[in-house]
Each structure stands twice: as structure tokens, then as C-alpha cells.
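Participant: Model the structure of this input:
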Amino acid sequence: MTAPRILVLAKRTSFRKLVEEDGDPRIKSLLSKGDITVRRMRRSHDDHESTVRELRAALAEVGAEAVFQEGPRSQIVGQFDLIVTVGGDGTLLSASHQCGATLPLLGVNSAPEHSVGFFCAAKKGSILSTLRAALDGSLRRTVLSRMRVRLNERVIHARVLNEALFCHASPAATSKYILRVWDADGKMLEEEEHRSSGLWIGPAAGSTAAQRSAGGRILPLSSRRVQYVVREPYTPYGVPLKLVVGLAPDGGRIELRNRMREAKIFLDGHHNVVDTSIGDIITMDRSDESLTVLGLSRSPRKGA
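Facilitator: Predicted structure coming up:
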């Protein structure tokens, strides 16, 4: 049998970047004093390094041809049967932007005491058994919808897994925009002018994260719909907004008409940022590019 080709994308820990590589004097000083703000940094790093060693041993045990790369955003070159991320949800999220619908992704939570790891099927102490299940096909496969984002009809991202944040360029400024919801047939269903702190828009996979924290609904992972959640809606005259939390119909889209000269769209975190200005039209709908994640067994609570 041909050995499976596996690409491992491992995060660089904060300790590695700030202390070992950059030699940051302030961080070193805080660590030496046992300051509460950095107390977890070394323990999390040690856990991560131990997990990487365990993964290397597991890959050797199953006879895999493994390629290790540091940094989840490092470019994927070549053909692989499986991608394994080592870190937490952020590591898997970053790697997912390079994965099409057919390339399965397996997350390993390298520091479970310090990381939620919702998307991660394996963790320290259980890597070998999980890896074997992934390779023999017995590990559950979950196909997740992703979101496509357009700016003035130009696709700026087609693989958003968690959410997009649309807001003023300054977090202290009011976000002004017009929100529209369209159905699959191109009919506008709702429209409302807003002033707020911005809004989150995302697919079901991200509904347990920022969307939920802002008051959104937790959606089933099988949902194909896109949700919007307005952050801190401004109602100066006491009349509540109608469109604060809602869903686009399956096949429909959410549209934002920007009323700000300086605004930004953050896509799956703070690394992917796009500038937008007054008059721009931002549309979000379900992408044609889904994502296959292995071992994602925990189901969100009730949704629609």
C-alpha cells in the first residue's frame, strides 16, 4: 500500500515568537517575575511542543509520509491525502483558507488547557488513535458551509469559515450602513438603515463564536444559511431596529451599502483585512466551496 501523504501545519507559539526568536525584553521581564499576564505563555508552549513530538511519533507509527511546515498560513505546495493542523481553532481556521472541498482537515488541539479547540478532533494523549481513524475512514466527516464575500461584485474571499466583521476603520466611531436581505430569486425582502458598532456576518460554523457572543443564534453545523448580528445598535429615538439578528434564506444574500468614508472588512480574524469606502456594496452569501473537517462530533445547541 502507498504511504499516505500528510501535511502538518503547526502554529508558532507566542513564547517561540516573542521570547526565543524576538527576545522581547519586556516579555522576558514579565516571565521572570511570574506576572499574571504571561503566566500561561510558557506552559502553553511546552504543551504544544510535547504535542508535536507525540504527533511525529504517531505519524511514524502509521507509516505516513509527513511534511511539516510551521505557520498555518504557509503556502501549501504539492498533493496530500490529509492536512493536520497543530494548535487550536485559529490554526485550523487559517489553514482552511487553502483547503478546497475535497481535501480533509484534521485539527489537533496542542494545548487543551488553554484552548477551546471546537474544530479539533484530537488532543494531546489521543493523537495516534484519532490519526488511525482518520486514515481508515472511520472518523466522522463533517462538511461545513463557507461564506463568499464580494466587494462591488468582485470576490474578495470565498472560503470564510467563521465570520466577517464590517465596521468603521476606528473602533471608537459609529458604523453607518444600509442593510438589505435578498432571497434566492433576487427579490429584496428587507431593508433598514443602521448606526451601530458594526456587524458580524457568517455561516453556521462560526455561530458559536463571535456571532453568539454578540447575541446571535447557534445554528446546526448542517445549516446552509448565513447569519447577521448587529453589534450595539444605536437607537437615539427609542425605536428599536427590526434587523438586529437574522438569516438570509438558503441561496439568498446579505447586502451592505457602506455610508462611511473609511471602513474595513475583517475576514476570519484580523489578518485578512479589506478597506472599503462610502458607496461600496458588500454582499455575502453561501460559497460554492465547502470544507471537510474530520472528527467534528460536538453539535451546537438548538438553531434554525
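Participant: Tell me how many other residues surround the nearest residue to Arg231 once chain neighbours are set aside.
Facilitator: The shortest distance from Arg231 to any non-neighbouring residue, by Cβ to Cβ, 6 or more residues apart in numbering, is to Ser197 (4.1 Å). Glycine gets a C-beta too; all of them are placed from N, C-alpha and C. The local packing of Ser197 (other Cβ atoms under 10 Å) involves 18 other residues.
Participant: Touching, Ser197 and Cys167? I think so.
Facilitator: Yes. When contacts are counted by Cβ atoms under 8 Å, Ser197 is listed as touching Cys167 (6.5 Å).
Participant: For those two, list the residues in contact with both.
Facilitator: Ser175, Arg231 (Cβ atoms under 8 Å, 6 or more residues apart in numbering).
Participant: coming back round to it: show the pLDDT at the residue nearest to Arg231.
Facilitator: Looking at Ser197, its pLDDT is 97.
Participant: Repeat that for Gly78.
Facilitator: pLDDT, read off for Gly78, is 88.
Participant: SS state for it?
Facilitator: coil (DSSP: H, G, I helix; E, B strand; the rest coil).
Participant: So it sits against Gln98, correct?
Facilitator: No. Contact criterion Cβ under 8 Å: Gly78 and Gln98 do not qualify, at 11.9 Å.
Participant: which of the two has more neighbours?
Facilitator: Using other Cβ under 10 Å, the more surrounded residue of Gly78 and Gln98 is Gln98, with 17 against 7.
Participant: quick one: secondary structure of the more buried one?
Facilitator: Under the three-state scheme (three-state DSSP), Gln98 adopts coil.
Participant: Over to Gly90?
Facilitator: Taking three-state DSSP, the label given to Gly90 is helix.
Participant: Ser115 too?
Facilitator: Under three-state DSSP, Ser115 comes out as coil.
Participant: separation between Asp275 and Lys264?
Facilitator: Note on Asp275: its distance to Lys264, by Cβ to Cβ, to the nearest Å, is 6 Å.
Participant: what touches both of the two?
Facilitator: Common neighbours of Asp275 and Lys264 are listed as Ala169 (criterion: Cβ under 8 Å, 6+ apart).
Participant: Between the two, which is the more surrounded one?
Facilitator: Per other Cβ under 10 Å, whichever of Asp275 and Lys264 has more neighbours is Lys264, with 20 against 11.
Participant: ok, that one to Ala164 distance?
Facilitator: 10 Å.
Participant: residue ranges for the helices of the stretch 101-250 of the chain, please.
Facilitator: 127-136, 210-213 (DSSP state H, counting those that start in this stretch).
Participant: Export those helices as a markdown table, with columns for distance to Ile281 and mean neighbour count.
Facilitator: Below are these laid out as a markdown table (distance: least, Cβ to Cβ, whole Å; neighbours: other Cβ atoms under 10 Å):
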| stretch | distance to Ile281 | mean neighbour count |
| --- | --- | --- |
| helix 127-136 | 42 | 18 |
| helix 210-213 | 22 | 18 |
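Participant: Nearest to Val293 among these would be which one?
Facilitator: Each of the helices of the stretch 101-250 of the chain was scored for nearness to Val293 using Cβ to Cβ, and the closest is helix 127-136 (10.8 Å).
Participant: What is that closest one packed up against?
Facilitator: Secondary-structure packing of helix 127-136 (3 or more Cβ pairs under 8 Å, 6 or more residues apart in numbering; DSSP states H and E): helix 39-61, strand 82-87, strand 105-109, strand 120-123.
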